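# Here is a sequence with its predicted model. Questions after.
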Amino acid sequence: MKVSSRALPWLLLAPALAATVLLVLAPVAQTLWLSLHDVILFRPKSQPFVGFGNYVAVLNDPMFWESLGHSVVWVVVSVALQFGLGLATALLLNRRFAWRGVARALVIVPWALPSVIIGLVWTWMLDFNLGLLNQIGVRMGLLDAPVAWLARPDTAMAAVILAVVWQGFPFFAVTLLAGLQAIPREHYEAASIDGASTFASFVHVTLPGLAPVIATALLLRMIWVSNSLDLILVMTGGGPGTTTHTLPLYAFLKAWSGANYGYGSALAVVLTLLLLVVVIAYARRGMRDAPA
Amino acid sequence: MQRRTLLASTTAALAAAPLARPHAQKPTTVRWWYHFDDPKASPDALVQAFEKANPDLKIQAESIPWGGGADYDTRLYTSIIAQNAPDAAMVKFNNLPRLMEMDALADLGKHIDGWAGKADISADLWRLHTAPDGKRYYIPLQYVVLYLYVRQDWLAQKGVKLPGTFDEFLTAGKAMTEGDRWGFGLRGGAGGHDHWCSFVLGGGAKMEKGGLVSPAALAANRWFIELYTKQKIIPPSAPNDGFQQIIANLKAGRTGMTIHHIGSANDMVAALGDGITAVPVPRGPQGQGWTSFGDGSNAVLAQSKVQEAAWRWVAWLSTAEANVAFNKLSGQVTVTTSGAKTWDVQPKRFMDATVGSLPIAAVLPQTAQTADFTRTVWPQTTQKALLGQISPDDMMGVFEKHYFG
């Protein structure tokens, strides 16, 4: 059977398109439908259409605005720290030293671990009574007394950010390391001949060479961290009080624990619209980088 | 004609042959959802024993993640909506109102009344297992009653007696608090409402309109919050402490008391030996008390096409020896009177504290608000009060509004 050249690409793309429609677009459409109805999971016989009622309620909900504020802190601080630590690690791993191969393999471990495991590990490391960090801090004289890191409103967010930074920096380290290895050595040699210092080489050769990789990695990680709730759920459940209550966690608790799928879906749609800014930037970047 | 009749008879006989041979008959499959606190515990041996005695039935036991109750419940609700619910499932009182609202449960009343094992379960348990509409959707399977774990060795050193009242509890807590150890391990995270109930509902608050903001209720709640903010007998980590933390802290000698049930007794004895004991949760100023009755039941789902078979399985699980074997796996207490007589799974003092707590054992209202209260409203609001972000009276106002508008 002969397939026309116009039909062939669509034929080849069909399985992927079908999977996308089934696994992405259909759930999105259902979420939109849910957000326009009053859907309480245990009242399946009564799901009245409420139009934009759930959205109006979201915008008038103080908890939404508080969660949004926490989400901004959570994303900006944790992605910035992950990037900084990841870049430093990549620069280090790009140098020659003994056991470099082992170091490169080990650095990926936090990224490979499930979030729930990381949450539990950090919960116990930060534990007030039995936690390793408090024991070390007190014995070394860094702390006068153990600190209830996860139970204090002034430290809880920092504690969960610490955990997500530990989890996420290997992504930057590995991605940026690959980017570093793609920068031609001749560029550094030319800079050296021109009398550039190490710092000047970093600013004028390394950073421009890494710029496309940095932009892509930052956008991707921002999307992932914005959507993530597992670490916070395990470590604090959004507490103490609502100190670490982020937007995806709020949507999850409303839908999953509170069985209010209408309101939870509206929260998820609002979160998606907010994220769309980042997603569009990422998509435009991808289209620009794609070969013609 | 004769030939045709013979042919027809032979065909009919061949068609009926599988039905005539009992060994070839496919057993009826019953899908059953369960959860054990210990993920290593498996009901396989029970299933095999049942299937051996009932060769016409096959039990497909499916372990469902608990996730503090929310995971299990939501999976159950979604399976019902998707028309893919199990035939029978372990359930708790707090999801009864929601399951009733979904018309998801089979009425087991007639089955229970005609069941030989009914008399082996106490009238009190049957009373607790009667739904607000008077029907019986649940069959008792296991239970626990929350009591107070106490480091009796620490109290003996201080010459302080085991607490029986709120005042004695505070005295004991203060006596045990010194250096890096605290008198009471409060569960301020999810699931900690049980602790709050013991002191606030036991101290005079009532689960009725206005009952959470009455002078007695507000006073009881202030006293409860001040255990953390003023009396300082509770570790600073309490607002975020969950089940794992309160148990680990008691076992590690960081706290002297906490509230839990007999399910953790053997673990406690392994860690602390005779130093640990249990007493009913303390009584309030007027002598009243309140402790959580932790239920565990089975239900048959209304959409099951094999309700009769599902009933036979869940009824068998609540029958004397099978129920004892089941509760050895679950770490809770048998619901059968005959099984309780020979119960030796935990040291006697913990069973005594469990039985001694029964007179004040109760459950939160069986309304749709309770699940959200225990999972979200209680921890968030209580944590804020413990941290001084809202007053104890405002905390009670939130609860009153949640339940009674």
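Everything's here; your move. Numbering: from 1, shown residues only, chains lettered A, B, ... in the order given.

# got any ranges where the stretch 151-292 of chain A has weak pLDDT?
Scanning the stretch 151-292 of chain A for pLDDT under 70 picks out the ranges A:289-292.

# What residues does it have near chain B?
Neighbours of chain B within the stretch 151-292 of chain A, by CB under 8 Å from any CB of the partner chain: A:151-153, A:156, A:236-242, A:253, A:256-259. (Glycine included, C-beta is placed from N, CA and C.)

# quick one: which two of those are the most distant?
A:Arg152 and A:Ala259 (31.2 Å; CB to CB).

# out of these two, which sits in the more crowded spot?
A:Ala259 (23 against 19; other CB atoms under 10 Å in any protein chain shown).

# Which residues are in contact with the closest residue to the more buried one other than its chain neighbours?
Sequence neighbours aside, A:Leu41 is the residue nearest to A:Ala259 in space, at 3.9 Å (criterion: CB to CB, 6 or more residues apart in numbering or on different chains). Listed by CB atoms under 8 Å, 6 or more residues apart in numbering or on different chains, the contact set of A:Leu41 reads A:Ala259, A:Asn260, A:Tyr261, B:Thr74, B:Tyr77, B:Thr78, B:Ile81.

# quick one: which of these is nearest to A:Ser226?
Nearest member of the contacts of A:Leu41 to A:Ser226, counting by CB to CB, is A:Tyr261, at 21.1 Å.

# For the stretch 151-300 of chain B, just list every one of the helices.
With DSSP state H, counting those that start in this stretch as the criterion, the stretch 151-300 of chain B has helices at B:152-158, B:166-176, B:193-196, B:215-229, B:243-251, B:265-272.

# which one of those lies closest to B:Val398?
Taking CB to CB, helix B:215-229 is the member of the helices of the stretch 151-300 of chain B nearest to B:Val398, at 11.2 Å.

# for residue 152, what are its contacts?
The chain I'm using is chain A. Residues near A:Arg152 by CB under 8 Å, 6+ apart: A:Pro240, B:Pro236, B:Leu387.

# sorry, should have said chain B
By CB under 8 Å, 6+ apart, the residues touching B:Gln152 are B:Leu162, B:Asp274, B:Gly275, B:Ile276, B:Thr277.

# Could you rerun that using 7 Å?
By CB atoms under 7 Å, 6 or more residues apart in numbering or on different chains, the contact set of B:Gln152 is B:Leu162, B:Gly275, B:Ile276, B:Thr277.

# what about the strands in chain B?
B:28-34, B:57-63, B:88-91, B:138-145, B:147-151, B:182-185, B:255-260, B:276-279, B:291-300, B:361-362 (DSSP state E).

# what comes up buried for the first one?
It refers to strand B:28-34. Buried positions in strand B:28-34, judged by neighbour count with 16 or more other CB atoms under 10 Å in any protein chain shown: B:Thr28, B:Val30, B:Arg31, B:Trp32, B:Trp33, B:Tyr34.

# Could you do the fifth one as well?
The neighbour-count criterion (16+ other CB under 10 Å) identifies B:Tyr147, B:Leu148, B:Tyr149, B:Val150, B:Arg151 as the buried residues of strand B:147-151.

# give me the residue from the stretch 101-250 of chain A nearest chain B.
Per CB to the nearest CB, A:Phe128 is where the stretch 101-250 of chain A lies closest to chain B, at 3.4 Å.

# surely that residue meets B:Pro235?
Yes - counting by CB atoms under 7 Å, A:Phe128 touches B:Pro235, with 6.1 Å between them.

# Have a look at those two and say which one is more surrounded.
A direct count of neighbours by other CB under 10 Å for A:Phe128 and B:Pro235 places B:Pro235 higher, at 28 against 24.

# Return the distance of B:Asp344 relative to chain A.
Between B:Asp344 and chain A the distance is 32 Å, computed by CB to the nearest CB, to the nearest Å.

# Would you point out which residue is most central in chain A?
Central residue of chain A (CA atoms, centre = their mean): A:Val225, 1.8 Å from the mean position.

# what about that one, helix or strand, and which?
In the assignment (DSSP states H and E), A:Val225 maps to helix A:207-227.

# Can you mark which positions in that helix are buried?
A:209-210, A:213-214, A:216-219, A:221-223, A:225-226.

# Kindly report the residues of chain B close to chain A.
With CB under 7 Å from any CB of the partner chain as the criterion, chain B meets chain A at residues B:70, B:74, B:77, B:81, B:98, B:101-102, B:189-190, B:235-240, B:245, B:248-249, B:252, B:254, B:372, B:375-376, B:379-380, B:383-384, B:387, B:389.

# For the helices of the stretch 151-300 of chain B, give me CSV that also has distance to A:Thr198.
As requested, the helices of the stretch 151-300 of chain B are exported to CSV (distance: least, CB to CB, whole Å):
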stretch, distance to A:Thr198
helix B:152-158, 61
helix B:166-176, 60
helix B:193-196, 59
helix B:215-229, 54
helix B:243-251, 48
helix B:265-272, 56
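
# how about the helices in the stretch 301-405 of chain B?
Along the stretch 301-405 of chain B, the segments classed as helices by DSSP H, counting those that start in this stretch run B:307-317, B:320-330, B:337-341, B:348-357, B:369-372, B:378-386, B:392-404.

# where among those helices is the average confidence lowest?
Mean pLDDT is lowest for helix B:369-372 out of the helices of the stretch 301-405 of chain B, coming in at a mean of 84.

# Which residues outside that helix are in contact with it?
Residues beyond helix B:369-372 that count as contacts (CB under 7 Å, 6+ apart) turn out to be A:Gly258, B:Asp73, B:Asn94, B:Asn95, B:Arg98, B:Leu364, B:His402, B:Tyr403.
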